[in-house]
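>>> no FASTA, just this:
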């Protein structure tokens, strides 16, 4: 009996973590509701797999220390907050971050050995989720009437009459666009998943011994799906990633023809992106801000959110308003500027850097920026392609969303940060 119990414990200890990682990689694109439970299993998988810590981690220990420091300053910010309930919610939402070192220290060899499988499962999960979204869009578009079948892909036919499909997508008036299309996650978060799936596919193509034609088709498919999602942050991230990859191919690998192809592709995509009327409006408004022109009632709501947040930051420069008081501080500004929509929906700052600055002041912002900069430095120095582009996607989208205040964002970040760090710091490091 004792032997049997030991065998069961051995199976749990050696396989449980891999099963949890498989579940997370596959189900992350499909659900927000069950992510807290999956993240609990993710934490427990690290606790149950306790073993001797590898000495390899000391080389990049700073990348495990900074998540702990970042979470710790939020605990300190909770001490001087007034809104206890909101402060506790913020700490709970970010709890996965402090467990990153636990999972990394005790990650099993089976997980590290199967990291390519986990990456592929995440790609296939996003493929499945995107196909389900398209099926729902088709279901909403195809209307069965007594006279037959009609196609109605316009969300509001009366006000969008005469617009082409391309214009409807750009203005987010089609069932095949933005929130009408993305049924599992907010379009920005789903776009982040799709972007990282594209990066994974590039990584798999570069490291594969045989040509994988299907991966190229998936990259094209995901690129088109990104356009349908219509996230402006995703467009910017895609172009920056493509440009950086173009530079790497030319400067490091001397792949001039591939680099030229990417340059042409980048120019074409830029034309498509900047034909979006909303993006043109945002660029013009940003230029007006640079020229010190005031915002007006027609300005994009996000710019008003940033303006409100920046003014609060200036008044609470060093230590911020506290972990839980950010909502009340922002709502006071929304009332001052008569931003009824922002006040009614309790909108956040829509910028992770600004959100951290408001809560924890310059101290918190410095820690967050230091974390990102150190990660970039180490991943570039050690040529860790996948880890670098993961952080590039995260850092750009930090500009437009408070990613670490959402379960869809913090789960994605904690899961892949721990996995990629572990893979690149194992006994035999594979550097691309």
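Yes, it's here. No experiment lies behind these values; they were computed from the predicted model shown.
>>> State the number of residues packed around residue 72.
Neighbourhood size, residue 72 [other C-beta atoms under 10 Å]: 12. Just so you know, the C-beta spots here come from the backbone N, C-alpha and C atoms, and that holds for glycine as well.
>>> per-residue confidence at it?
In this model, residue 72 is scored at 97, pLDDT.
>>> so where's the stretch 151-300 of the chain shaky on pLDDT?
151, 153-160, 249, 251-263, 265-266, 268-293, 295-298 (pLDDT under 70).
>>> again, 80 this time
Applying pLDDT under 80 to the stretch 151-300 of the chain flags residues 151-172, 208-211, 245-300.
>>> Next, name the residue at the spatial heart of this structure.
Centroid-nearest residue in the chain, with C-alpha atoms, centre = their mean: residue 192, separated by 4.3 Å.
>>> what ranges do the strands span in the stretch 1-150 of the chain?
142-145, 148-151 (DSSP state E, counting those that start in this stretch).
>>> Please identify the pairing partners of the first one and their relative orientation?
If I follow you right, that is strand 142-145. strand 148-151 (antiparallel) (DSSP bridges).
>>> picking that back up, between the strands of the stretch 1-150 of the chain, which gets the lowest average pLDDT?
Of all the strands of the stretch 1-150 of the chain, strand 148-151 has the smallest average pLDDT, which comes to a mean of 66.
>>> Show me what counts as buried in the next helix or strand after that one.
Using DSSP states H and E, the helix or strand that directly follows strand 148-151 along the chain is helix 165-170. Using 16 or more other C-beta atoms under 10 Å as the test for burial, helix 165-170 gives 168-170.
>>> List the buried residues of the longest helix anywhere in the chain.
Ranked by residue count and defined by DSSP state H, the top helix of the chain is helix 352-381. Neighbour-count burial for helix 352-381, counted by 16+ other C-beta under 10 Å, picks out 352-361, 363-365, 367-368, 371-372, 375, 378-379.
>>> for that helix, packing partners?
helix 62-79, helix 301-315, helix 326-336, helix 385-397 (3 or more C-beta pairs under 8 Å, 6 or more residues apart in numbering; DSSP states H and E).
>>> one more time with 10 Å, if that's ok
Helix 352-381 is packed against helix 62-79, helix 84-93, helix 301-315, helix 326-336, helix 385-397, helix 407-424, with contacts defined by 3 or more C-beta pairs under 10 Å, 6 or more residues apart in numbering; DSSP states H and E.
>>> Reformat those into JSON lines and put distance to residue 225 next to each item.
Compiled in JSON lines, the helices and strands packed on helix 352-381 are given as follows (distance: least, C-beta to C-beta, whole Å):
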{"stretch": "helix 62-79", "distance to residue 225": "31"}
{"stretch": "helix 84-93", "distance to residue 225": "28"}
{"stretch": "helix 301-315", "distance to residue 225": "23"}
{"stretch": "helix 326-336", "distance to residue 225": "33"}
{"stretch": "helix 385-397", "distance to residue 225": "16"}
{"stretch": "helix 407-424", "distance to residue 225": "17"}
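>>> and of those, who's closest to residue 107?
helix 407-424 (4.6 Å; C-beta to C-beta).
>>> ok and the closest one relative to helix 62-79, angle-wise?
Interaxial angle, helix 407-424 versus helix 62-79 (axes from the mean of the first three to the mean of the last three C-alpha atoms, to 10 degrees): 150 degrees.
>>> average model confidence for helix 407-424?
95.
>>> Next: stretch 301-312.
Mean predicted lDDT for stretch 301-312 stands at 90.
>>> can you pull out the helices in the stretch 1-150 of the chain?
2-27, 35-48, 62-79, 84-93, 95-98, 100-105, 109-113, 115-141 (DSSP state H, counting those that start in this stretch).
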